[in-house]
Structures are given as C-alpha cells and as structure tokens.
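**Q** Using only what follows, build the 3D model:
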Amino acid sequence: MKVLTQSFIKKGNKNEKTSFFGVLLILTSSCATEKLNLSPLSNNFYSDTKGSDSDRSSKKSFNINIKENVNASEISNIISTFPKFKNNGLNDEIASLKYSLQNYLYAIDANNSTGKSRALKSFEKSYKKIQKQRQSLEKDDDEVLNRYLVRLKTNISVIEDALPGS
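**A** Predicted coordinates for the structure are as follows:
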C-alpha cells in the first residue's frame, strides 16, 4: 500500500492523488463494514424475524409499511436520541429496551407475528425494570425519562391498533 501511495504522489498530478484517495476510502470503508456485523439482531433472532413461508401466508398478515409509518419512524428516532443517565444499571436496561424495540420493528417489517410478540414481551420486561429504577433518579432525569417512555408506549399502541387482529 505504501509503494502504491508513493507512486501516485511522485507523479504530482492532483487528479490522480484525489482519485487514489477516493479509491482508498472506498476500499477502507468496504473492508470495515465487511468485518463488522452492523445488524442489531442476533443471528438467532434474525431467523425468527424473517418468519417462515407459512407465517407470511397466514391470516395475521400485518399489511403495514413500517418504512413509511410515522409511528415507527418516531420509535426509531426515540431509540437513536435516548439520553444516557448516571445510573449504569438503568442505562443497561435502556439498551435492552432499545434492542427489543428494534426487533419489534424488524419483526413487523418481516411480517412475523411470533417475533413481534417475543419482542413486545421483552420490551414490557425492560419497561417494568426501568419503572422500578426510576425511583432513584433526580426529578429532572425522571421527567426526561418519563417523556421518552410515554412517547414509546403511545407509538407502540398506535401501531398495535393499526395491525389486524389486535
């Protein structure tokens, strides 16, 4: 790589330097993404969220476009903007809650009712644990956390009400 860089620099052509570094950037980023598993889903859960062919053809077809759903978008925004707190145990439980929510959205997108139910149960467990830990928070932190939790529950309720068979 060093030899290749030096040969481009010696020529002195500015366009060649730019194209070389552009190619280098593309190669570096593609190598980095190949090494990392960027999916929030474990391999085990991913196979569950995909659902079987019988799941997809069952009567419980969701008929909801999660990518264009306003409530699903807000859930995604809440997941990405959730604040950190001083309490590490609370932050760990919030991470679990966020993971459950991502799995919930993926399961709906994959039209998998089993994965959706499992993700909702996981969300509910984390939610209850967070509610217990809220008591030790300062008033301001408690109010911020409450705002996020209320918005999450509201959006999930709206999505659940829109799904058939709810």
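
**Q** Please count neighbours and contacts with C-alpha atoms only from this point.
**A** Will do.

**Q** Do you have the helices of the protein handy? List them.
**A** For the chain, the helices defined by DSSP state H occupy 2-11, 14-35, 43-50, 53-56, 70-81, 88-109, 113-133, 139-162.

**Q** Quick check: mean pLDDT of the fourth one?
**A** If I follow you right, that is helix 53-56. On average, the pLDDT along helix 53-56 is 45.

**Q** Then the longest one?
**A** The pLDDT scores in helix 139-162 average 94.

**Q** which strands and helices sit next to that helix?
**A** The contact analysis (3 or more Cα pairs under 8 Å, 6 or more residues apart in numbering; DSSP states H and E) places helix 139-162 against helix 70-81.

**Q** and I159, how many residues sit next to it?
**A** Per other Cα atoms under 10 Å, the neighbour tally for I159 reads 19.

**Q** do the same with L90
**A** Using other Cα under 10 Å: L90 sits among 21 other residues.

**Q** got a list of what it touches?
**A** By Cα atoms under 8 Å, 6 or more residues apart in numbering, the contact set of L90 is 130, 133.

**Q** Distance check, Y127 against A110.
**A** 24 Å (Cα to Cα, to the nearest Å).

**Q** Look at these two and report which has more neighbours.
**A** Between Y127 and A110, counting by other Cα under 10 Å, A110 is the more crowded of the two (22 against 18).

**Q** So that one versus S100, what's the distance?
**A** Between A110 and S100 the computed distance is 15 Å (Cα to Cα).

**Q** do N111 as well
**A** From N111 to S100 the distance is 16 Å (Cα to Cα).

**Q** and if you look at I75?
**A** Using Cα to Cα, I75 is found at 11 Å from S100.

**Q** cool, and G89?
**A** Distance, G89 to S100, by Cα to Cα: 17 Å.

**Q** Of the two, which one has the most company?
**A** Set G89 next to S100 and count neighbours by other Cα under 10 Å: S100 wins out with 24 against 13.

**Q** Check that one and give its pLDDT.
**A** So, for S100, pLDDT stands at 97.

**Q** what does K11 give?
**A** K11 carries a pLDDT value of 45.
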